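1. Fold the following, please.
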Amino acid sequence: MRLEISCDDRLGLCQDILQILRDHEIDLRGIEVDPRGKIFLNFPELAFADFQHLMPEIRRIPNVKDVKTVPFMPSEREHFEFSLLLSKLPDPVLSMDSKGIIDIANQAAQNVFVEDTTPIQGSNISDWLSGFAITRWLEKQPREATVEQVSVGGAKYFADLLPVWVTDELNKESFAGAVMTCKSQPVTGYWARGGNAEAFQHLVGEHATMKRVIRDAARMAELNVPLLIQGETGVGKELLARACHQASTRSEQAFLAVNCAALPDNVAESELFGHGKGSVSPNSERKMGIFEQANGGTVLLDSVGEMSNGLQAKLLRFIQDGRFRRIGEEQEVTVDVRIVCSAQDDLLERVEAGTFREDLFYRLNVLTLAVPALRDRKTDIPLLAEHFAAQACQRLGRSLVTISRSCRDYLQRYQWPGNVRQLENTLFRSISMLEGDRLEPEHIQLPEWATVHDNLAVDLEDGTLDDAVKKFESTILRRLYPSYPSTRQLARKLGLSHTAVANKLREHGIGKQRRKTTVRKEK
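-> Okay, the predicted model is just below:
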């Protein structure tokens, strides 16, 4: 039973109330005093006869205005509100005392720290985390917040640690512990240590190769020369290009991206360089091209290797002096734009094949970044999975989903031909269909990639050993080619020369060589 007593402040008022409770032999469980003129009592339920005598006695106490029953104490309401708020937070949040003992943890933290329902309250934070000595940090009684990378069950997080200091009525401070929030991606303060590296915070990766790419990109971002970014589809080339723009002195200006492969030849020049009034059709208006719209900023030419020869020539001249003519006009336009290009395959191969201008290639290939495929940095897959899972939960408006260890292992074993984009889309689809709060391997839907063993069943009855070896070689090449579409990449993977791999692909009719052979035969 809870009572709310409205009253005016008076010395000894609480003592008078407690005396009445003692006279009625009522076991008081709790008392709370609100400075706004209210006293709350918590005691066991009373029989109606006892209760009807208690209320008038309390009302007769001097300065008491009213007495009524209430369903809860203020502290109980605050407790349930606090618990509800914590349960809805998508990130793992917990608090610990000055010794590192966990006293509060939300459901997201519970899901991340343990695989079952074992409560983590009462245990030491060091039992669950590694990578940073939190108890040693607590011993120093810190006053400044810090962001540190930690590992929880094989998954990496960025722990935002906030020290808690309690001040009494005499303004004396006492260290009470800390509150920790785990995030799958670094917060701004973590990246602020690296200057313009803050622009690269969305590029999640701890693999040495990816770290080197980000480090090189941060340096190249400040240079006002063309930048070529190469990598397979879905590795994040445009994301890296945008990060370079944000880290440059042009960050306040426009960043425009153009997919060269999606631009037909008859409109590509108009889109990039613009056209004069009446030049496209009798009623067409004057139009500014992409380069003119991005004056002072950055233009990303995605899939630049797909650009037509005629457009390559005009792009070459623009890169040389920053000037061009709109279609149908004689006056030259001068703009200041940084060119960033991206390509899925090796542009040098296109140069050798005669489909890409050699002089343009060397103009674009001043600074080069090669973004590794996801299968070449598999240690980043758990980190990326946690990052994309948190993003998906936020977009779907649901509580944080935990990725089980068996699910993380399953994700790491997959080859990911679609790279980071495929991983992101896979997790979003799986989480959107998930009914519980834990992602298991059976919740992941991925196309089955045939293993080598599935394709080695070779029928020797109708052929020789040489035929069997050729079939085996063809199986290997067909399996690897989708993941290594560049012959140079495939050559490095197999430990062969570029020429040897190109000849073998041509012999087995795999990839671009097959199309070229077919065209020659038709001619």
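2. What is the neighbour count of I20?
-> By the criterion of other C-beta atoms under 10 Å, I20 has 15 neighbours. Any C-beta I mention is one placed from the backbone N, CA and C, and that applies to glycine too.
3. same check, this time on the one 4 residues further on
-> Under the neighbour criterion other C-beta under 10 Å, H24 is assigned a count of 14.
4. Kindly state the pLDDT recorded for the spatially closest residue to it that is not a sequence neighbour?
-> Take H24 and drop its neighbours on the chain: the residue closest to it by C-beta to C-beta, 6 or more residues apart in numbering is L54, 6.0 Å away. On pLDDT, L54 comes in at 87.
5. Could you do the one 3 residues further on as well?
-> Looking at E57, its pLDDT reads 89.
6. so it is in which element?
-> helix 48-59 (DSSP states H and E).
7. just checking, next helix/strand downstream of that helix?
-> In N-to-C order, the element after helix 48-59 by DSSP H and E is strand 64-70.
8. For that following strand, buried residues please.
-> Residues of strand 64-70 classed as buried: V64, V67 (neighbour count, 16 or more other C-beta atoms under 10 Å).
9. how far out from the middle of the chain is the next helix-or-strand element following that strand?
-> Going down the chain from strand 64-70, the next helix or strand is helix 74-88, by DSSP H and E. Computed by C-alpha atoms, centre = their mean, to the nearest Å, the chain-centroid distance of helix 74-88 equals 29 Å.
10. From what I see, E329 and K287 are in contact.
-> No - using C-beta atoms under 8 Å, E329 makes no contact with K287, being 10.9 Å away.
11. Counting neighbours around each, name which of those two comes out higher.
-> K287 (18 against 15).
12. How about that one: what's its closest non-neighbour residue?
-> G274 (5.0 Å).
13. What does the pLDDT read for the one you found?
-> For G274, the predicted pLDDT is 86.
14. just R514 next, same as before
-> 41.
15. Dig out what the residue nearest to K287 forms beta bridges with.
-> Counting by DSSP bridges, G274 forms beta bridges with M288.
16. need the contact list for it.
-> R286, K287, M288, G289, E292, R326, I327, V333 (C-beta atoms under 8 Å, 6 or more residues apart in numbering).
17. and L161, what are its phi and psi?
-> Main-chain torsions, L161, degrees, to the nearest 10: phi -100, psi 120.
18. That one is in contact with L138, isn't it?
-> No - if you go by C-beta under 8 Å, L161 and L138 don't touch, sitting 9.1 Å apart.
19. who touches both of these two?
-> A178.
20. Common neighbours of E329 and K287, please.
-> Counting by C-beta under 8 Å, 6+ apart, the residues touching both E329 and K287 are H275.
21. From M55, how far out is I5?
-> The gap separating I5 from M55 is 10 Å, by C-beta to C-beta, to the nearest Å.
22. I should have written L505 there, sorry.
-> 93 Å.
23. Next: G236.
-> 70 Å.
24. who's more crowded, these two?
-> G236 (23 against 13).
25. Tell me the residues that contact both of I5 and M55, please.
-> V67.
26. So which residues of the stretch 351-500 of the chain form helices?
-> With DSSP state H, counting those that start in this stretch, the ranges of helices along the stretch 351-500 of the chain come out as 358-364, 381-396, 405-413, 419-433, 465-480, 487-494, 498-508.
27. circling back to that earlier point, count the neighbours of the residue nearest to H24 for me.
-> Neighbours of L54 using other C-beta under 10 Å come to 19.
28. for E45, same thing?
-> 7.
29. pLDDT below threshold where in the stretch 101-250 of the chain?
-> 116, 154, 184-197 (pLDDT under 70).
30. let's see it at 80
-> Within the stretch 101-250 of the chain, the segments meeting pLDDT under 80 span 111-112, 114-118, 153-156, 169, 183-199, 201-202.
31. residue ranges for the helices of it, please.
-> 107-113, 134-139, 188-191, 208-220, 237-246.
32. Now render those as a markdown table, adding distance to F318 and mean neighbour count.
-> Below are the helices of the stretch 101-250 of the chain laid out as a markdown table (distance: least, C-beta to C-beta, whole Å; neighbours: other C-beta atoms under 10 Å):
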| stretch | distance to F318 | mean neighbour count |
| --- | --- | --- |
| helix 107-113 | 51 | 22 |
| helix 134-139 | 55 | 16 |
| helix 188-191 | 34 | 15 |
| helix 208-220 | 21 | 17 |
| helix 237-246 | 18 | 22 |
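33. Relative to N63, which of these is closest?
-> helix 107-113 (45.1 Å; C-beta to C-beta).
34. Now find how far off-centre that closest one is within its chain.
-> Per C-alpha atoms, centre = their mean, the centroid offset for helix 107-113 relative to its chain is 19 Å.
35. what does that helix contact?
-> With C-beta under 8 Å, 6+ apart, helix 107-113 has contacts from 86-87, 89-94, 105, 117, 119-120, 128, 152-153, 155, 157, 182, 399-402, 437-438.
36. Could you pick out the buried ones from these?
-> 86, 90-94, 105, 120, 128, 152-153, 155, 157, 182, 399-402.
37. Now render the helices of the stretch 101-250 of the chain as JSON lines, adding distance to D265.
-> JSON lines is the format used below for the helices of the stretch 101-250 of the chain (distance: least, C-beta to C-beta, whole Å):
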{"stretch": "helix 107-113", "distance to D265": "52"}
{"stretch": "helix 134-139", "distance to D265": "60"}
{"stretch": "helix 188-191", "distance to D265": "42"}
{"stretch": "helix 208-220", "distance to D265": "31"}
{"stretch": "helix 237-246", "distance to D265": "23"}
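38. Relative to Y414, which of those helices is closest?
-> Per C-beta to C-beta, nearest to Y414 of these: helix 208-220, 18.2 Å.
39. If you compare the directions of that closest one and helix 237-246, what angle comes out?
-> 40 degrees (axes from the mean of the first three to the mean of the last three C-alpha atoms, to 10 degrees).
40. so what does helix 208-220 touch, helix or strand wise?
-> helix 237-246, strand 367-370 (3 or more C-beta pairs under 8 Å, 6 or more residues apart in numbering; DSSP states H and E).
41. what do you get if the cut-off is 6 Å, keeping everything else the same?
-> strand 367-370 (3 or more C-beta pairs under 6 Å, 6 or more residues apart in numbering; DSSP states H and E).
42. For the strand it packs on, buried residues please.
-> Applying 16+ other C-beta under 10 Å to strand 367-370 flags L367, L369 as buried.
43. Show me what that strand pairs with in its sheet, parallel or antiparallel.
-> strand 227-230 (parallel).
44. contacting residues around the strand it pairs with?
-> Contacting residues not belonging to strand 227-230 are listed as 220, 237, 240-241, 340-343, 364-365, 367-370 [C-beta atoms under 6 Å, 6 or more residues apart in numbering].
45. ok, now how distant is the closest residue to K88 other than its chain neighbours from V179?
-> Spatial nearest neighbour of K88, excluding adjacent residues (C-beta to C-beta, 6+ apart): S399 at 6.8 Å. Taking C-beta to C-beta as the measure, S399 falls 19 Å from V179.
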